[in-house]
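Colleague: Curious how this folds, go ahead:
(one chain, ligands or ions: 1)
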Amino acid sequence: MAAPISNEIIDANKHDDSIIYKIEATVVTGFERIAKQECIEKFGSNINISERQGRVIFELPFSKVHLALDLHSAENVYLLVHEIDDFAFSTDKTTALLQFRQLVKDIGQARWNNGLAVWREVCNYEQSVSVPDLTQIDISVTHSSNDDPHVESHPVSPGATGEQRDSGEKSNEATEMTDAGDGPTSVQSDTGDPKMKDDHSCQNSKLDDVVVSDRVPLGVPRFRATCYRTGKHHSFGSPDAACEFGGAINDFFRWKVDLKNFDIEVVLNIEDQRGYVTLALTKATLGKRNINHFGPTTLKSTIAYCMLRMSGIKDGDVVCDPMGGGGSIPIEGAICWPNAHFLCGDNHGMAESRVHSNVTDINQQRAEKEQGALKVDMFRWDVKRLPLHDSSVDVFITDMPFGKRMGNKFDNRRLYPQVLTELARVARPTTGRAVMLTQDKKCIQQSLIRLGYLWRRADTCWINIGGLSAGAFLLYRTANIVK
Ligand SMILES: C[S@@+](CC[C@H](N)C(=O)[O-])C[C@H]1O[C@@H](n2cnc3c(N)ncnc32)[C@H](O)[C@@H]1O
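Modeller: Just a heads-up that it's a prediction; the model follows:
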(Lines give C-alpha, C1' and ligand atoms only; values in the text may rest on other atoms or scores of the structure.)
Protein backbone atom coordinates (compact mmCIF):
# COMPACT_ATOMS: atom_id res chain seq x y z
CA MET A 1 0.00 0.00 0.00
CA ALA A 2 1.27 3.42 -0.83
CA ALA A 3 0.17 6.42 1.16
CA PRO A 4 0.23 9.48 -1.07
CA ILE A 5 -0.22 11.85 1.79
CA SER A 6 1.14 11.96 5.27
CA ASN A 7 -0.40 10.07 8.12
CA GLU A 8 0.16 12.95 10.47
CA ILE A 9 -2.87 15.03 11.27
CA ILE A 10 -2.07 18.49 10.06
CA ASP A 11 -3.49 21.82 10.92
CA ALA A 12 -4.73 23.37 7.68
CA ASN A 13 -3.85 26.80 9.02
CA LYS A 14 -0.20 25.90 9.22
CA HIS A 15 0.18 25.57 5.43
CA ASP A 16 2.85 23.04 6.05
CA ASP A 17 4.84 22.61 2.83
CA SER A 18 6.82 19.74 4.22
CA ILE A 19 3.85 17.59 3.30
CA ILE A 20 3.60 16.75 -0.38
CA TYR A 21 0.25 15.92 -1.96
CA LYS A 22 -0.45 13.86 -5.02
CA ILE A 23 -2.75 15.51 -7.53
CA GLU A 24 -4.50 13.85 -10.42
CA ALA A 25 -5.60 16.10 -13.30
CA THR A 26 -7.78 14.53 -15.95
CA VAL A 27 -6.94 15.68 -19.45
CA VAL A 28 -8.22 14.94 -22.93
CA THR A 29 -6.89 11.50 -23.83
CA GLY A 30 -4.06 11.98 -26.29
CA PHE A 31 -2.99 15.33 -24.86
CA GLU A 32 -1.26 13.92 -21.77
CA ARG A 33 2.21 14.97 -22.91
CA ILE A 34 1.00 18.49 -23.68
CA ALA A 35 -0.53 18.66 -20.20
CA LYS A 36 2.74 17.40 -18.75
CA GLN A 37 4.60 20.23 -20.52
CA GLU A 38 2.20 22.72 -18.98
CA CYS A 39 2.76 21.30 -15.48
CA ILE A 40 6.52 21.47 -15.93
CA GLU A 41 6.28 25.05 -17.17
CA LYS A 42 4.05 26.09 -14.26
CA PHE A 43 5.50 24.06 -11.39
CA GLY A 44 9.14 23.68 -12.43
CA SER A 45 11.19 21.01 -14.16
CA ASN A 46 11.84 19.14 -10.91
CA ILE A 47 8.16 18.33 -10.45
CA ASN A 48 7.48 14.65 -9.91
CA ILE A 49 4.97 13.91 -12.68
CA SER A 50 3.73 10.87 -14.56
CA GLU A 51 1.23 10.28 -17.36
CA ARG A 52 -1.55 7.75 -17.48
CA GLN A 53 -4.26 7.45 -20.07
CA GLY A 54 -6.43 10.56 -19.79
CA ARG A 55 -4.61 12.09 -16.84
CA VAL A 56 -1.39 13.39 -15.38
CA ILE A 57 -0.39 12.76 -11.78
CA PHE A 58 2.00 15.06 -10.00
CA GLU A 59 3.05 16.15 -6.55
CA LEU A 60 2.70 19.57 -4.98
CA PRO A 61 3.28 21.02 -1.55
CA PHE A 62 0.26 22.21 0.41
CA SER A 63 0.59 25.87 -0.55
CA LYS A 64 0.64 25.09 -4.28
CA VAL A 65 -2.23 22.61 -4.53
CA HIS A 66 -4.72 25.34 -5.43
CA LEU A 67 -2.60 26.27 -8.46
CA ALA A 68 -3.52 22.94 -10.06
CA LEU A 69 -6.95 24.47 -10.72
CA ASP A 70 -5.28 27.04 -12.97
CA LEU A 71 -3.95 24.43 -15.39
CA HIS A 72 -5.45 25.12 -18.79
CA SER A 73 -5.14 21.54 -20.01
CA ALA A 74 -6.91 20.06 -16.97
CA GLU A 75 -10.52 18.98 -17.16
CA ASN A 76 -10.91 18.05 -13.51
CA VAL A 77 -8.54 18.03 -10.59
CA TYR A 78 -8.46 15.54 -7.73
CA LEU A 79 -6.47 15.10 -4.55
CA LEU A 80 -5.26 11.57 -3.92
CA VAL A 81 -6.11 10.39 -0.44
CA HIS A 82 -5.08 6.78 -0.63
CA GLU A 83 -3.95 4.23 -3.19
CA ILE A 84 -3.54 0.50 -3.23
CA ASP A 85 -1.59 -1.02 -6.10
CA ASP A 86 -2.74 -4.57 -5.53
CA PHE A 87 -6.20 -4.46 -4.05
CA ALA A 88 -6.91 -8.19 -4.38
CA PHE A 89 -10.62 -7.67 -5.01
CA SER A 90 -12.54 -10.73 -3.95
CA THR A 91 -14.08 -12.89 -6.65
CA ASP A 92 -17.12 -13.20 -4.42
CA LYS A 93 -19.33 -10.16 -4.92
CA THR A 94 -20.58 -9.87 -1.34
CA THR A 95 -17.05 -10.08 0.03
CA ALA A 96 -15.77 -7.60 -2.56
CA LEU A 97 -18.44 -5.11 -1.56
CA LEU A 98 -17.49 -5.46 2.08
CA GLN A 99 -13.93 -4.63 1.04
CA PHE A 100 -15.15 -1.17 0.01
CA ARG A 101 -16.63 -0.57 3.45
CA GLN A 102 -13.39 -1.80 4.94
CA LEU A 103 -11.49 0.57 2.64
CA VAL A 104 -13.26 3.61 4.11
CA LYS A 105 -12.12 2.45 7.52
CA ASP A 106 -8.60 1.44 6.41
CA ILE A 107 -7.86 4.84 4.92
CA GLY A 108 -7.83 5.91 8.52
CA GLN A 109 -8.72 9.04 10.36
CA ALA A 110 -5.39 10.77 9.72
CA ARG A 111 -5.41 10.39 5.93
CA TRP A 112 -9.06 11.41 5.69
CA ASN A 113 -8.44 14.46 7.84
CA ASN A 114 -5.32 15.48 5.94
CA GLY A 115 -7.16 15.22 2.64
CA LEU A 116 -10.13 17.13 3.99
CA ALA A 117 -7.89 19.89 5.31
CA VAL A 118 -6.51 20.43 1.81
CA TRP A 119 -9.95 20.16 0.22
CA ARG A 120 -11.34 22.78 2.62
CA GLU A 121 -8.47 25.13 1.92
CA VAL A 122 -8.62 24.79 -1.87
CA CYS A 123 -12.41 24.84 -2.08
CA ASN A 124 -12.87 27.57 0.52
CA TYR A 125 -15.18 25.40 2.57
CA GLU A 126 -15.53 27.41 5.72
CA GLN A 127 -16.88 24.85 8.15
CA SER A 128 -14.64 22.42 9.94
CA VAL A 129 -14.95 18.88 8.67
CA SER A 130 -13.34 15.92 10.29
CA VAL A 131 -13.90 12.21 10.41
CA PRO A 132 -14.22 10.23 13.61
CA ASP A 133 -11.82 7.69 15.03
CA LEU A 134 -12.44 4.80 12.68
CA THR A 135 -10.62 2.15 14.66
CA GLN A 136 -13.72 1.30 16.67
CA ILE A 137 -16.09 1.19 13.69
CA ASP A 138 -17.84 -2.10 12.97
CA ILE A 139 -18.05 -2.11 9.17
CA SER A 140 -21.04 -4.42 9.12
CA VAL A 141 -23.25 -2.01 11.04
CA THR A 142 -25.34 0.54 9.18
CA HIS A 143 -27.08 3.22 11.17
CA SER A 144 -30.72 4.18 10.80
CA SER A 145 -32.19 7.66 10.64
CA ASN A 146 -33.20 7.30 14.27
CA ASP A 147 -29.54 7.22 15.29
CA ASP A 148 -28.95 10.80 14.40
CA PRO A 149 -31.67 13.33 13.87
CA HIS A 150 -29.41 15.41 11.64
CA VAL A 151 -28.65 12.84 9.01
CA GLU A 152 -30.83 10.86 6.71
CA SER A 153 -30.68 7.12 6.87
CA HIS A 154 -28.45 5.22 4.47
CA PRO A 155 -29.54 6.69 1.14
CA VAL A 156 -28.04 4.12 -1.16
CA SER A 157 -30.28 2.74 -3.79
CA PRO A 158 -29.17 -0.80 -4.60
CA GLY A 159 -30.27 -0.50 -8.20
CA ALA A 160 -28.44 2.74 -8.67
CA THR A 161 -27.49 3.74 -12.14
CA GLY A 162 -24.64 6.11 -12.75
CA GLU A 163 -24.89 9.52 -14.18
CA GLN A 164 -22.96 10.29 -17.32
CA ARG A 165 -20.89 13.35 -16.87
CA ASP A 166 -19.88 15.80 -19.49
CA SER A 167 -17.97 14.45 -22.44
CA GLY A 168 -14.24 14.51 -22.00
CA GLU A 169 -14.39 14.33 -18.24
CA LYS A 170 -12.80 11.46 -16.49
CA SER A 171 -15.97 9.45 -16.62
CA ASN A 172 -16.15 9.32 -20.35
CA GLU A 173 -12.46 9.23 -20.88
CA ALA A 174 -12.17 6.23 -18.67
CA THR A 175 -15.01 4.33 -20.21
CA GLU A 176 -14.75 5.28 -23.83
CA MET A 177 -11.16 4.35 -24.23
CA THR A 178 -11.41 0.91 -22.69
CA ASP A 179 -13.58 -1.95 -23.69
CA ALA A 180 -13.94 -3.21 -20.19
CA GLY A 181 -15.23 -1.70 -17.01
CA ASP A 182 -18.23 0.51 -16.73
CA GLY A 183 -19.17 4.12 -16.35
CA PRO A 184 -19.05 6.32 -13.34
CA THR A 185 -21.61 5.69 -10.70
CA SER A 186 -22.65 7.75 -7.77
CA VAL A 187 -24.22 6.43 -4.63
CA GLN A 188 -27.72 7.17 -5.78
CA SER A 189 -29.34 7.26 -9.18
CA ASP A 190 -29.03 10.69 -10.65
CA THR A 191 -29.88 12.41 -13.85
CA GLY A 192 -26.83 14.63 -13.59
CA ASP A 193 -26.76 18.32 -13.27
CA PRO A 194 -27.99 19.70 -16.57
CA LYS A 195 -26.77 23.22 -15.98
CA MET A 196 -23.05 23.44 -16.25
CA LYS A 197 -22.30 26.69 -14.57
CA ASP A 198 -19.32 28.76 -15.51
CA ASP A 199 -17.88 28.59 -12.06
CA HIS A 200 -16.59 25.07 -12.39
CA SER A 201 -14.46 24.73 -9.33
CA CYS A 202 -15.79 24.37 -5.85
CA GLN A 203 -13.80 27.40 -4.86
CA ASN A 204 -16.86 29.47 -4.29
CA SER A 205 -18.69 27.28 -1.80
CA LYS A 206 -20.40 29.75 0.45
CA LEU A 207 -21.53 29.40 3.99
CA ASP A 208 -25.12 29.50 2.78
CA ASP A 209 -24.54 26.42 0.69
CA VAL A 210 -23.47 24.44 3.68
CA VAL A 211 -26.85 24.58 5.32
CA VAL A 212 -28.91 22.68 2.83
CA SER A 213 -31.88 22.38 5.14
CA ASP A 214 -32.58 22.43 8.83
CA ARG A 215 -31.79 18.71 8.87
CA VAL A 216 -28.14 19.29 8.01
CA PRO A 217 -26.05 20.83 10.75
CA LEU A 218 -23.15 23.13 10.09
CA GLY A 219 -19.98 21.18 9.50
CA VAL A 220 -21.77 18.21 7.98
CA PRO A 221 -20.89 18.36 4.31
CA ARG A 222 -23.17 17.13 1.62
CA PHE A 223 -21.32 14.56 -0.42
CA ARG A 224 -21.53 12.16 -3.25
CA ALA A 225 -19.44 9.10 -3.85
CA THR A 226 -18.56 8.18 -7.41
CA CYS A 227 -16.89 5.08 -8.77
CA TYR A 228 -14.89 4.89 -11.98
CA ARG A 229 -14.00 1.36 -12.92
CA THR A 230 -11.97 -0.03 -15.77
CA GLY A 231 -10.73 -3.54 -16.21
CA LYS A 232 -12.13 -7.00 -16.55
CA HIS A 233 -12.66 -9.77 -14.05
CA HIS A 234 -14.33 -7.78 -11.29
CA SER A 235 -17.13 -9.54 -9.45
CA PHE A 236 -18.95 -6.21 -8.97
CA GLY A 237 -20.02 -3.27 -11.10
CA SER A 238 -19.30 0.36 -10.37
CA PRO A 239 -22.88 0.98 -9.10
CA ASP A 240 -22.38 -1.68 -6.43
CA ALA A 241 -18.97 -0.34 -5.50
CA ALA A 242 -20.20 3.26 -5.30
CA CYS A 243 -23.18 2.17 -3.18
CA GLU A 244 -21.08 0.34 -0.65
CA PHE A 245 -18.29 2.87 -0.55
CA GLY A 246 -20.64 5.86 -0.30
CA GLY A 247 -22.87 4.01 2.12
CA ALA A 248 -19.93 3.42 4.43
CA ILE A 249 -18.99 7.11 4.33
CA ASN A 250 -22.57 7.98 5.16
CA ASP A 251 -22.63 5.44 7.97
CA PHE A 252 -19.25 6.16 9.50
CA PHE A 253 -18.93 9.92 8.99
CA ARG A 254 -22.65 10.78 9.07
CA TRP A 255 -22.25 13.02 6.03
CA LYS A 256 -25.40 13.70 4.04
CA VAL A 257 -25.71 12.35 0.52
CA ASP A 258 -26.67 14.97 -2.03
CA LEU A 259 -25.84 14.05 -5.60
CA LYS A 260 -26.58 17.39 -7.17
CA ASN A 261 -25.75 20.01 -4.58
CA PHE A 262 -22.86 18.27 -2.95
CA ASP A 263 -20.01 20.04 -1.25
CA ILE A 264 -17.58 17.20 -1.64
CA GLU A 265 -17.20 14.39 -4.12
CA VAL A 266 -15.32 11.33 -2.97
CA VAL A 267 -14.16 9.18 -5.86
CA LEU A 268 -13.33 5.49 -5.77
CA ASN A 269 -11.17 4.61 -8.77
CA ILE A 270 -10.67 1.01 -9.80
CA GLU A 271 -8.28 0.06 -12.58
CA ASP A 272 -7.88 -3.69 -12.87
CA GLN A 273 -6.31 -4.62 -9.53
CA ARG A 274 -5.47 -1.06 -8.55
CA GLY A 275 -7.72 1.03 -6.35
CA TYR A 276 -7.37 4.60 -5.21
CA VAL A 277 -9.50 7.22 -3.55
CA THR A 278 -9.56 10.90 -4.43
CA LEU A 279 -11.37 14.04 -3.35
CA ALA A 280 -12.53 16.20 -6.24
CA LEU A 281 -11.17 19.74 -6.18
CA THR A 282 -13.37 20.71 -9.15
CA LYS A 283 -17.12 20.25 -9.34
CA ALA A 284 -17.45 20.23 -13.11
CA THR A 285 -15.19 20.27 -16.10
CA LEU A 286 -12.89 23.24 -16.50
CA GLY A 287 -13.21 22.71 -20.26
CA LYS A 288 -16.10 25.15 -20.59
CA ARG A 289 -14.60 27.93 -18.56
CA ASN A 290 -14.41 30.59 -21.29
CA ILE A 291 -17.57 30.04 -23.24
CA ASN A 292 -21.12 31.11 -22.35
CA HIS A 293 -22.55 31.20 -25.85
CA PHE A 294 -22.30 27.78 -27.42
CA GLY A 295 -22.64 26.79 -31.05
CA PRO A 296 -23.30 23.30 -32.39
CA THR A 297 -19.59 22.41 -32.49
CA THR A 298 -18.03 24.54 -29.76
CA LEU A 299 -14.57 23.29 -28.89
CA LYS A 300 -13.60 22.77 -25.27
CA SER A 301 -11.14 25.31 -23.88
CA THR A 302 -8.86 22.47 -22.78
CA ILE A 303 -8.54 21.14 -26.32
CA ALA A 304 -8.07 24.67 -27.66
CA TYR A 305 -5.29 25.22 -25.12
CA CYS A 306 -3.45 22.04 -26.05
CA MET A 307 -3.64 22.85 -29.77
CA LEU A 308 -2.36 26.37 -29.13
CA ARG A 309 0.42 24.95 -27.03
CA MET A 310 1.42 22.47 -29.75
CA SER A 311 2.05 25.36 -32.15
CA GLY A 312 4.73 27.02 -29.98
CA ILE A 313 3.36 30.56 -29.96
CA LYS A 314 5.93 33.32 -29.48
CA ASP A 315 5.51 36.93 -28.40
CA GLY A 316 4.37 39.07 -31.32
CA ASP A 317 2.99 36.14 -33.34
CA VAL A 318 -0.15 36.71 -35.38
CA VAL A 319 -2.39 33.72 -34.66
CA CYS A 320 -5.52 33.03 -36.67
CA ASP A 321 -8.39 30.57 -36.45
CA PRO A 322 -9.86 30.75 -39.97
CA MET A 323 -12.92 28.63 -39.06
CA GLY A 324 -13.36 30.05 -35.59
CA GLY A 325 -17.05 29.39 -34.81
CA GLY A 326 -17.79 30.85 -31.36
CA GLY A 327 -14.15 31.69 -30.73
CA SER A 328 -12.90 29.00 -28.32
CA ILE A 329 -9.42 28.96 -29.82
CA PRO A 330 -8.64 32.69 -30.08
CA ILE A 331 -10.23 33.40 -26.68
CA GLU A 332 -8.13 30.73 -24.97
CA GLY A 333 -5.12 31.98 -26.88
CA ALA A 334 -5.63 35.62 -25.92
CA ILE A 335 -5.91 34.60 -22.25
CA CYS A 336 -2.79 32.43 -22.22
CA TRP A 337 -0.56 34.23 -24.72
CA PRO A 338 -1.28 37.92 -24.05
CA ASN A 339 1.69 39.06 -26.16
CA ALA A 340 0.43 37.48 -29.37
CA HIS A 341 -2.32 38.84 -31.65
CA PHE A 342 -5.43 36.76 -32.21
CA LEU A 343 -7.96 36.91 -34.99
CA CYS A 344 -10.61 34.59 -36.26
CA GLY A 345 -13.30 34.36 -38.88
CA ASP A 346 -16.11 32.13 -40.03
CA ASN A 347 -18.65 32.08 -42.84
CA HIS A 348 -21.59 31.37 -40.52
CA GLY A 349 -23.93 34.26 -39.78
CA MET A 350 -24.14 33.50 -36.04
CA ALA A 351 -20.41 33.13 -35.44
CA GLU A 352 -19.53 36.80 -35.22
CA SER A 353 -22.13 37.59 -32.55
CA ARG A 354 -21.14 34.48 -30.56
CA VAL A 355 -17.49 35.49 -30.49
CA HIS A 356 -18.49 39.01 -29.55
CA SER A 357 -20.74 37.79 -26.70
CA ASN A 358 -18.13 35.35 -25.39
CA VAL A 359 -15.38 37.98 -25.44
CA THR A 360 -17.67 40.55 -23.79
CA ASP A 361 -18.55 38.14 -20.96
CA ILE A 362 -14.92 37.26 -20.34
CA ASN A 363 -13.92 40.90 -20.35
CA GLN A 364 -16.60 41.70 -17.80
CA GLN A 365 -15.14 39.03 -15.49
CA ARG A 366 -11.64 40.31 -16.15
CA ALA A 367 -12.64 43.90 -15.36
CA GLU A 368 -13.97 42.72 -11.97
CA LYS A 369 -10.56 41.18 -11.30
CA GLU A 370 -8.82 44.30 -12.62
CA GLN A 371 -7.32 42.37 -15.52
CA GLY A 372 -6.89 43.97 -18.93
CA ALA A 373 -9.45 43.35 -21.66
CA LEU A 374 -8.86 40.59 -24.20
CA LYS A 375 -8.70 41.58 -27.82
CA VAL A 376 -9.85 39.14 -30.48
CA ASP A 377 -10.46 40.42 -34.01
CA MET A 378 -13.40 38.74 -35.69
CA PHE A 379 -14.29 38.63 -39.38
CA ARG A 380 -16.89 37.06 -41.57
CA TRP A 381 -15.08 35.35 -44.42
CA ASP A 382 -14.74 32.32 -46.56
CA VAL A 383 -11.67 30.34 -45.53
CA LYS A 384 -10.97 29.58 -49.19
CA ARG A 385 -10.52 33.29 -49.96
CA LEU A 386 -9.13 34.96 -46.89
CA PRO A 387 -8.96 38.78 -47.00
CA LEU A 388 -5.42 38.66 -45.64
CA HIS A 389 -2.06 39.49 -47.21
CA ASP A 390 0.34 36.81 -48.40
CA SER A 391 2.82 35.67 -45.71
CA SER A 392 1.10 37.68 -42.96
CA VAL A 393 0.16 35.03 -40.35
CA ASP A 394 2.54 33.11 -38.09
CA VAL A 395 0.18 30.44 -36.82
CA PHE A 396 -3.13 28.97 -38.00
CA ILE A 397 -5.03 26.92 -35.46
CA THR A 398 -8.42 25.51 -36.26
CA ASP A 399 -10.80 22.65 -35.86
CA MET A 400 -12.10 21.77 -39.25
CA PRO A 401 -15.63 20.63 -40.06
CA PHE A 402 -15.39 16.93 -39.21
CA GLY A 403 -18.07 15.93 -41.69
CA LYS A 404 -20.35 14.67 -38.95
CA ARG A 405 -22.21 17.45 -37.12
CA MET A 406 -20.78 20.04 -39.51
CA GLY A 407 -20.42 19.52 -43.27
CA ASN A 408 -19.96 16.08 -44.77
CA LYS A 409 -17.05 13.91 -45.77
CA PHE A 410 -17.74 14.27 -49.46
CA ASP A 411 -17.45 18.07 -49.25
CA ASN A 412 -14.32 17.71 -47.11
CA ARG A 413 -12.50 16.13 -50.05
CA ARG A 414 -12.70 19.46 -51.85
CA LEU A 415 -12.62 21.72 -48.80
CA TYR A 416 -9.52 20.39 -47.02
CA PRO A 417 -7.03 20.86 -49.89
CA GLN A 418 -8.53 24.26 -50.66
CA VAL A 419 -8.10 25.32 -47.03
CA LEU A 420 -4.55 24.04 -46.80
CA THR A 421 -3.62 25.83 -50.01
CA GLU A 422 -5.14 29.15 -48.92
CA LEU A 423 -3.55 28.92 -45.46
CA ALA A 424 -0.19 28.22 -47.14
CA ARG A 425 -0.57 31.45 -49.12
CA VAL A 426 -1.19 33.49 -45.97
CA ALA A 427 1.25 31.70 -43.62
CA ARG A 428 4.81 32.95 -43.41
CA PRO A 429 7.08 30.66 -45.46
CA THR A 430 9.57 28.56 -43.43
CA THR A 431 8.42 29.83 -40.00
CA GLY A 432 4.64 29.52 -40.35
CA ARG A 433 2.86 26.74 -38.45
CA ALA A 434 -0.61 25.28 -38.40
CA VAL A 435 -2.43 22.98 -36.00
CA MET A 436 -5.45 21.38 -37.64
CA LEU A 437 -7.90 19.23 -35.70
CA THR A 438 -10.15 16.79 -37.51
CA GLN A 439 -11.83 13.43 -37.22
CA ASP A 440 -11.68 13.11 -41.00
CA LYS A 441 -8.15 11.76 -40.79
CA LYS A 442 -8.18 10.08 -44.17
CA CYS A 443 -9.11 13.30 -45.90
CA ILE A 444 -6.47 15.44 -44.22
CA GLN A 445 -3.78 12.82 -44.67
CA GLN A 446 -4.53 12.53 -48.40
CA SER A 447 -4.59 16.33 -48.72
CA LEU A 448 -1.24 16.57 -46.97
CA ILE A 449 0.29 14.05 -49.35
CA ARG A 450 -0.89 16.19 -52.28
CA LEU A 451 0.26 19.40 -50.64
CA GLY A 452 3.46 18.11 -49.07
CA TYR A 453 5.42 20.76 -50.94
CA LEU A 454 3.62 23.44 -48.85
CA TRP A 455 3.19 21.81 -45.44
CA ARG A 456 5.46 19.41 -43.58
CA ARG A 457 3.80 17.26 -40.96
CA ALA A 458 5.80 17.67 -37.74
CA ASP A 459 3.71 16.00 -35.01
CA THR A 460 0.29 14.47 -34.42
CA CYS A 461 -1.67 13.98 -31.20
CA TRP A 462 -4.39 11.36 -31.56
CA ILE A 463 -7.05 12.49 -29.18
CA ASN A 464 -10.42 11.32 -27.95
CA ILE A 465 -13.35 13.67 -28.54
CA GLY A 466 -16.62 12.37 -27.16
CA GLY A 467 -15.54 8.79 -27.77
CA LEU A 468 -14.31 9.38 -31.32
CA SER A 469 -10.71 9.51 -32.38
CA ALA A 470 -9.44 12.74 -33.91
CA GLY A 471 -6.02 13.97 -34.96
CA ALA A 472 -4.42 17.28 -34.03
CA PHE A 473 -1.86 17.75 -36.82
CA LEU A 474 1.05 20.13 -36.32
CA LEU A 475 2.27 21.37 -39.71
CA TYR A 476 5.27 23.49 -40.65
CA ARG A 477 5.13 25.75 -43.67
CA THR A 478 7.83 24.98 -46.20
CA ALA A 479 9.67 27.67 -48.19
CA ASN A 480 7.84 26.83 -51.44
CA ILE A 481 5.42 29.26 -52.99
CA VAL A 482 1.86 28.22 -53.75
CA LYS A 483 1.45 27.00 -57.34
C1 LIG B 1 -15.80 22.52 -36.10
S2 LIG B 1 -16.46 24.09 -36.31
C3 LIG B 1 -15.40 25.14 -35.38
C4 LIG B 1 -15.94 25.40 -34.01
C5 LIG B 1 -15.13 26.39 -33.24
N6 LIG B 1 -13.79 25.93 -32.96
C7 LIG B 1 -15.85 26.73 -31.94
O8 LIG B 1 -15.32 26.42 -30.87
O9 LIG B 1 -16.94 27.27 -32.01
C10 LIG B 1 -16.04 24.45 -37.95
C11 LIG B 1 -16.40 25.86 -38.36
O12 LIG B 1 -16.01 26.02 -39.71
C13 LIG B 1 -16.91 26.96 -40.27
N14 LIG B 1 -16.79 26.87 -41.73
C15 LIG B 1 -17.17 25.85 -42.53
N16 LIG B 1 -16.89 26.17 -43.81
C17 LIG B 1 -16.33 27.39 -43.81
C18 LIG B 1 -15.85 28.27 -44.82
N19 LIG B 1 -15.88 27.92 -46.10
N20 LIG B 1 -15.33 29.44 -44.44
C21 LIG B 1 -15.29 29.81 -43.15
N22 LIG B 1 -15.74 29.04 -42.15
C23 LIG B 1 -16.26 27.85 -42.48
C24 LIG B 1 -18.24 26.54 -39.72
O25 LIG B 1 -19.20 27.58 -39.79
C26 LIG B 1 -17.88 26.17 -38.29
O27 LIG B 1 -18.10 27.24 -37.41
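Colleague: Can you report how many residues lie near the closest residue to the ligand within the chain?
Modeller: Closest to the ligand within the chain is Gly325: 2.3 Å, counting by C-beta to the nearest ligand atom. Any C-beta I mention is one placed from the backbone N, CA and C, and that applies to glycine too. The local packing of Gly325 (other C-beta atoms under 10 Å) involves 25 other residues.
Colleague: show me what contacts it?
Modeller: Counting by C-beta atoms under 8 Å, 6 or more residues apart in numbering, Gly325 makes contact with 295, 297-299, 346, 348, 351, 354.
Colleague: Which of those residues has the largest number of neighbours?
Modeller: Asp346 (25 neighbours).
Colleague: out of the contacts of Gly325, which touch the ligand?
Modeller: Taking C-beta under 6 Å from any ligand atom, the overlap between the contacts of Gly325 and the neighbourhood of the ligand is 295, 297-299, 346, 348, 351.
Colleague: Which ones among the residues you listed lie within helices?
Modeller: Taking DSSP state H as the definition of helices, the ones next to the ligand among the contacts of Gly325 contribute Ala351.
Colleague: how about the residues of the stretch 301-450 of the chain that lie near the ligand?
Modeller: So the stretch 301-450 of the chain meets the ligand at 323-326, 328-329, 346-348, 351, 382-384, 399, 401, 406 (C-beta under 6 Å from any ligand atom).
Colleague: List the residues that contact Leu279.
Modeller: Per C-beta under 8 Å, 6+ apart, neighbours of Leu279: 78-79, 81, 115-116, 118-119, 264-267.
Colleague: And Ala427, by the same measure?
Modeller: Counting by C-beta under 8 Å, 6+ apart, Ala427 has contacts 391, 393-394, 396, 433-434, 477.
Colleague: Bridge partners for it, pull those for me.
Modeller: With DSSP bridges applied, Ala427 shows beta-bridge pairing to Val393.
Colleague: per-residue confidence at it?
Modeller: With respect to pLDDT, Ala427 scores 98.
Colleague: do the same with Ser130
Modeller: 82.
Colleague: Identify the single longest helix in the chain, thanks.
Modeller: Assigned via DSSP H, the chain shows its longest helix as helix 93-123.
Colleague: list the helices and strands that one packs on?
Modeller: For helix 93-123, the packing partners by 3 or more C-beta pairs under 8 Å, 6 or more residues apart in numbering; DSSP states H and E come out as strand 76-84, helix 238-253, strand 264-271, strand 274-280.
Colleague: what angle separates that helix from strand 264-271?
Modeller: Angle of helix 93-123 versus strand 264-271, following axes from the mean of the first three to the mean of the last three C-alpha atoms, to 10 degrees, is 130 degrees.
Colleague: residue nearest the centroid of the chain?
Modeller: Glu75 (1.0 Å; C-alpha atoms, centre = their mean).
Colleague: give me every residue that touches the closest residue to Gln418 other than its chain neighbours.
Modeller: Nearest non-adjacent residue to Gln418, counting by C-beta to C-beta, 6 or more residues apart in numbering: Lys384, 4.7 Å away. Shown in contact with Lys384 (C-beta under 8 Å, 6+ apart): 415, 418-419, 422.
Colleague: Pull up the gap between Lys384 and Gly345, please.
Modeller: According to C-beta to C-beta, to the nearest Å, Lys384 and Gly345 sit 12 Å apart.
Colleague: Starting from the lowest-mean-pLDDT helix or strand in the chain, tell me the next helix or strand along the chain.
Modeller: In the chain, the helix or strand scored least confidently by mean pLDDT, DSSP states H and E is helix 207-210, which has a mean of 29. Next in sequence after helix 207-210, counting helices and strands by DSSP states H and E, comes strand 222-230.
Colleague: before we move on, back to that, looking at the helices and strands packed on helix 93-123, which is closest to Thr95?
Modeller: Taking C-beta to C-beta, helix 238-253 is the member of these nearest to Thr95, at 11.2 Å.
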